[in-house]
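*Asks:* I need the structure of the sequence given here:
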Amino acid sequence: LSATAAALRGLGVDFVVAGTESGVLLADALSAALGTPGNGMSVPTARRDKYAMAQAVAAAGLATADSLVTGSLPELREWARRRGEWPVVLKPRASAGTDQVHFCHDEQQVATAFAAIVAATDHYGTRNTTVLAQRYLRGEEYFVNTVSRDGAHHVVEVWRYHKALISGTVPMYDYEEPVPADDPGVRRVAAYALAVLDALEIRNGSAHTEVMLTAEGPVLV
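*Replies:* Next comes the predicted model:
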């Protein structure tokens, strides 16, 4: 890291921006080493690890989905059994898109999904050693695209996802549409998304935040 930072400093680099998800942690570390405009470094992993992300957001007093990270199937089964609310969502901790995202309606599906996730590598080539389990969120799903400079955030656009059920139980993204800025749901979702950016110490750069507008209010996806 120090050698790379020294080389970039010699080239007069003024900004370091991640080109894709797998570069987020390195970009932040290089920016901190160079002293260029970047993001907070108290918990940088919260910008990649979905469980650390949820913890940071919850610590800021924002709503999050009930979650568990574990490498133990018995612990996962006990968590699901104790919650007694189906389905539950299982996914890798730091992948992207719909990679190994499973909607489980009973303990057998939990076991099958757990085995599939820990046997796989994520989109970025990292082996999954643990599984993130979360409460299934019901509501309308949005994504909020933003740009930030020195901690000042600007909402570029808000879109709403529309999904269709496959085999009657599995939601699949069907299409998405932009939503007007004066839509009441958009105002709530956008305000929540900006608070999430602050909780994750995102101060410079772009962000794509997925939020479910539930009956209780916005919750980070």
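
*Asks:* going on from the top helix by length along the chain, what's the next piece of helix or strand?
*Replies:* Under DSSP state H, the helix in the chain containing the largest number of residues is helix 184-199. As assigned by DSSP states H and E, the chain's next helix or strand after helix 184-199 is strand 205-214.

*Asks:* How are the strands of this structure distributed by residue range?
*Replies:* Secondary structure of the chain, counting by DSSP state E: strands at 67-70, 88-91, 102-104, 131-135, 140-149, 152-166, 170-178, 205-214, 217-220.

*Asks:* Out of the ones you listed, which is closest to Arg47?
*Replies:* strand 205-214 (9.0 Å; CB to CB). In short, each C-beta sits where N, CA and C put it, glycine included.

*Asks:* Counting by contacts, list what the closest one packs against.
*Replies:* On a contact count with 3 or more CB pairs under 8 Å, 6 or more residues apart in numbering; DSSP states H and E, strand 205-214 meets strand 140-149, helix 184-199, strand 217-220.

*Asks:* go with 6 Å
*Replies:* The contact analysis (3 or more CB pairs under 6 Å, 6 or more residues apart in numbering; DSSP states H and E) places strand 205-214 against strand 140-149, helix 184-199.

*Asks:* Just the buried residues of it, please?
*Replies:* Gly205, Ala207, Thr209, Val211, Met212, Leu213 (16 or more other CB atoms under 10 Å).

*Asks:* And stretch 104-111, by the same measure?
*Replies:* Buried, per 16+ other CB under 10 Å, within stretch 104-111: Cys104, Glu107, Gln109, Val110.

*Asks:* Next: stretch 110-119.
*Replies:* If you call a residue buried by 16+ other CB under 10 Å, then stretch 110-119 has these buried ones: Val110, Ala113, Phe114, Ile117, Val118.

*Asks:* likewise stretch 181-197?
*Replies:* Gly185, Val186, Val189, Ala190, Tyr192, Ala193, Leu194, Ala195, Val196, Leu197.

*Asks:* Stretch 89-96: which residues count as buried?
*Replies:* Neighbour count says stretch 89-96 has Val89, Leu90, Lys91, Pro92, Arg93, Ala94, Ser95 buried, by 16+ other CB under 10 Å.

*Asks:* Kindly reformat those residues as a markdown table containing distance to Thr4 and pLDDT.
*Replies:* As requested, the buried residues of stretch 89-96 are arranged in a markdown table below (distance: CB to CB, whole Å; pLDDT from 0 to 100):
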| residue | distance to Thr4 | pLDDT |
| --- | --- | --- |
| Val89 | 37 | 95 |
| Leu90 | 36 | 96 |
| Lys91 | 32 | 95 |
| Pro92 | 27 | 95 |
| Arg93 | 26 | 92 |
| Ala94 | 22 | 90 |
| Ser95 | 25 | 85 |
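
*Asks:* which regions of the protein sit below the pLDDT cut-off?
*Replies:* The chain contains residues with pLDDT under 70 at 168-170.
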